[in-house]
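[1] Would you be able to build a 3D model of this:
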Amino acid sequence: MVDVTDVVEAPAGAVIGRRTGRVRRFLGIPFAEAPVGARRFAGPVPRRRFTEPYDASRHGATSQRVPLSAATTIPEPSVPGDDVLNLSVVAPTDGVSCPVLVWIHGGGFLAGSPASPWYDGRAFARDGIVTVTPGYRLGVDGFAPLDGVPPNLGLRDLLLALDWVRENIAAFGGDPGRVTLAGQSAGGAAVLALLSSPLGGDRFQRAVSVSGGFFEVGADAARDFAGRLGDRLGVPPTRDGFGGLMVEGVQRGVRLLRSEGGDDGPPVLGPVVGDDVLPVPVAEGLAVYGHDVPLLLGATGDEFDGGAPGPRDTAARAAGTRVTDTLFRTACPRAAAARRDAPAGTWLYSFEWPSPVLGGAVHCADIPFFFDVLDAPGTAEALGTRPPADLAAAMHADLAAFVHGGSPAWERATGRRGDPAREYGAPGATPTVDTTGVYDPVVAGSDPTEAR
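    Sure, this is the predicted structure:
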């Protein structure tokens, strides 16, 4: 198909994108002023209205300068430039008041890219949904608790992106009153954090956490990491110290220091508890806030344990003997238990299809299925040459129906033994199967009263 120019007049100003068939793409639209100079370690500032039409024909700059590791499952391109607080919009050509999916990328709060081809919203556009993929500050710039720096800058960036959506998305065919906030890994953790925040408010009406978790980082531990990083880089762990270094050099230092402690451990930088964004731990906040927001969440069966001996040992998985796996799966019953009294409801799923390449139902393998982009670059390398299209169709249909406002077809979860869940892709099973006990026994820390 031939691309043609597509212009939208939005409150933010005129935006020039491209239309291919029945899909419109507007890439890299700045929603905040570039976080450089004095703004590098300051709260995000809304972008001034464009005085000239903005060219949104290519992906914008990414906060990621250095990938989290030498090889990642998801293609995560780094795009140079200062305007890292930008977002992309993919929409149907004839959409009017469509529901909106705002997708937050993962990467351990240290890396990741909203420009990944795995996040292309063309299948959602086909189903009458507008997809928005925002960027946010990462690592030291987004989450280091430095004196004189507002905490949780990365989360504040996302809140401002949601404000931009509320003010502008109608011009792109979206409904600002029907926004689903979703994300994977660190992105899924950000969803849970914002759902647990008093500042979430009416910025989104539904939530989806894909392999998220309660990844808040203790302020003391984060300061200790920042101190060791400063020693490594030869600067004091302060706003001025890190601010005098290029972002790329800081990210390289983070990657090196993190690798020395084991790449698959808990986050070293991430949301910090104790400010207006995250006043209490996520689990406590979920028991108080966001009860009018339906939540769909789940994890892959093997997460970071693909290829390990007995990766499909359900009892071992649920008992918490696989440490990296339980960083993600424990969040599911814990969130359901915290939201037990939420009238909007909580639903669980588990992705169980074992990639023949990766050796299990591992972290990130479910994303091309949810986005229904099995032909995207990098999928064959991760999923093999014949990933099941019927599974992608079923998973995408469930997610699209949820974004459209429907309730999942299976029963709600409450964090108790035998909670129902949708199980995707178990060998020999149909693409969608309702099961009970996928997350049993209740993992330590989820709800001790239910584990007896």
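[2] What number of residues are in the vicinity of residue 388?
    14 (other CB atoms under 10 Å). No exception for glycine: its C-beta is placed from N, CA and C like everyone else's.
[3] same question, residue 77
    14.
[4] Residues in contact with whichever helix or strand residue 102 is part of: which ones?
    Per DSSP states H and E, residue 102 falls inside strand 98-104. Outside strand 98-104, the residues that touch it by CB atoms under 8 Å, 6 or more residues apart in numbering are 91-92, 114, 119, 121, 124, 128-134, 136, 158, 161-162, 165, 169, 173-176, 178-184, 186-188, 190-191, 204, 403-405.
[5] residues of it that come out buried?
    98, 99, 100, 101, 102, 103, 104 (16 or more other CB atoms under 10 Å).
[6] I'd like the distance between the fifth one and residue 246.
    What it means is residue 102. 30 Å (CB to CB, to the nearest Å).
[7] ok, now the first one?
    Distance from residue 98 to residue 246, counting by CB to CB: 40 Å.
[8] quick one, strands of the stretch 1-150 of the chain?
    4-10, 13-20, 23-30, 54-55, 86-92, 98-104, 130-134 (DSSP state E, counting those that start in this stretch).
[9] Go through stretch 276-293 and flag the buried ones.
    So, applying 16+ other CB under 10 Å, buried residues of stretch 276-293: 277, 278, 279, 280, 282, 283, 285, 286, 287, 289, 290, 293.
[10] now the third one, nearest residue through space, not along the chain?
    Think residue 279. Distances taken as CB to CB, 6 or more residues apart in numbering place residue 198 nearest to residue 279, at 6.8 Å, with adjacent residues excluded.
[11] Mind pulling the model confidence for that neighbour?
    Residue 198 carries a pLDDT value of 97.
[12] and it, what is it in contact with?
    276, 279, 285, 289.
[13] Quick one: the helices in this protein, in order.
    Along the chain, counting by DSSP state H, helices occupy 122-126, 139-143, 153-168, 186-195, 219-233, 239-243, 247-260, 282-286, 314-319, 323-329, 331-338, 367-371, 379-383, 389-403.
[14] Export the ones you listed to JSON lines and append columns for distance to residue 48.
    Formatted as JSON lines, the helices of the chain follow (distance: least, CB to CB, whole Å):
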{"stretch": "helix 122-126", "distance to residue 48": "29"}
{"stretch": "helix 139-143", "distance to residue 48": "22"}
{"stretch": "helix 153-168", "distance to residue 48": "13"}
{"stretch": "helix 186-195", "distance to residue 48": "25"}
{"stretch": "helix 219-233", "distance to residue 48": "32"}
{"stretch": "helix 239-243", "distance to residue 48": "23"}
{"stretch": "helix 247-260", "distance to residue 48": "23"}
{"stretch": "helix 282-286", "distance to residue 48": "33"}
{"stretch": "helix 314-319", "distance to residue 48": "50"}
{"stretch": "helix 323-329", "distance to residue 48": "40"}
{"stretch": "helix 331-338", "distance to residue 48": "38"}
{"stretch": "helix 367-371", "distance to residue 48": "33"}
{"stretch": "helix 379-383", "distance to residue 48": "39"}
{"stretch": "helix 389-403", "distance to residue 48": "31"}
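[15] Would you tell me which of those helices gets closest to residue 43?
    Among the helices of the chain, helix 153-168 comes nearest to residue 43, with 5.5 Å by CB to CB.
[16] which of the residues in that closest one are buried?
    153-162, 164-166, 168.
[17] With stretch 220-239 instead?
    Within stretch 220-239, the residues scored as buried using 16+ other CB under 10 Å are 222, 223, 225, 226, 228, 229, 230, 233, 235, 237, 238, 239.
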